[in-house]
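In: Any chance you can model this:
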Amino acid sequence: MVSCWISVGSNLRREASIAGGLRELRQRFGTLRLSPIYETQAIGTTGPPFFNLVVGIQTQLTVSALNAILNAIEDAQGRERSEDKFAPRTLDLDLLTYGQMIGPIEGYQVPREDILDYAFVLAPLAAVAPEECHPQLGLSYATLWQAFDLDARGQPAPVLVSVALD
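Out: Below you'll find the model as predicted:
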């Protein structure tokens, strides 16, 4: 079994979309490790704010098979795909890590650069797995989050929210 982290985000029908996505992930992978949920202003667009969290799973699937399932779950929650990387969406599921593997695997880069680039990814990952280390850098997610400079990156701070999803 391989431990994987998946970034989860939604800014359209946020509670329902995330709850539906988590139900499908549980059906396919069993027990999930869930971070707290954060609200973050949309980046790169004027859309509504996002809810973001990180989910840990265990799987025997290959990277490409796992990504196909994540895309199918997004589609089942009404995801409409466009060229706009930051367009509003019902559900966004991105594979962040695949065990401790590094590099392109089956056409997919792990660990995903979003971990180091976006507060809305790193904050929940640091909350759920503070002592776990980034596969490439060898630094804990808590250490990476403490060093993350929101101002220098021009990003809003993720705000912890209490949301009932079930």
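In: only C-alpha atoms for contact and neighbour calcs from this point on.
Out: Noted.
In: just checking, what packs against whichever helix in the chain runs longest?
Out: In the chain, assigned by DSSP state H, the helix with the most residues is helix 14-29. Packing partners of helix 14-29 (3 or more C-alpha pairs under 8 Å, 6 or more residues apart in numbering; DSSP states H and E): strand 2-10, strand 50-59, helix 63-76.
In: Identify, out of these, the most deeply packed stretch.
Out: strand 50-59 (a mean of 23; mean count of other C-alpha atoms under 10 Å).
In: Please look at Ile115 and Val121 and confirm they touch.
Out: Yes. Using C-alpha atoms under 8 Å, Ile115 is in contact with Val121, at 5.6 Å.
In: which residues touch Val8?
Out: The contact partners of Val8, by C-alpha atoms under 8 Å, 6 or more residues apart in numbering, come to 18, 52-55, 91-94.
In: pLDDT and distance to Pro111 added to the residues you listed, as a markdown table?
Out: Shown next, in a markdown table, are those (pLDDT from 0 to 100; distance: C-alpha to C-alpha, whole Å):
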| residue | pLDDT | distance to Pro111 |
| --- | --- | --- |
| Ile18 | 97 | 23 |
| Asn52 | 97 | 18 |
| Leu53 | 98 | 17 |
| Val54 | 98 | 14 |
| Val55 | 98 | 15 |
| Leu91 | 95 | 21 |
| Asp92 | 95 | 17 |
| Leu93 | 97 | 14 |
| Asp94 | 96 | 11 |
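In: Switch the helices and strands packed on helix 14-29 over to CSV; also include distance to Leu160.
Out: CSV is the format used below for these (distance: least, C-alpha to C-alpha, whole Å):
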stretch, distance to Leu160
strand 2-10, 14
strand 50-59, 9
helix 63-76, 24
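In: Report the separation between the spatially closest residue to Ala127 that is not a sequence neighbour and Gln146.
Out: What sits nearest to Ala127 in space, not counting adjacent residues and going by C-alpha to C-alpha, 6 or more residues apart in numbering, is Ser35, at 6.2 Å. Separation of Ser35 from Gln146 (C-alpha to C-alpha, to the nearest Å) stands at 17 Å.
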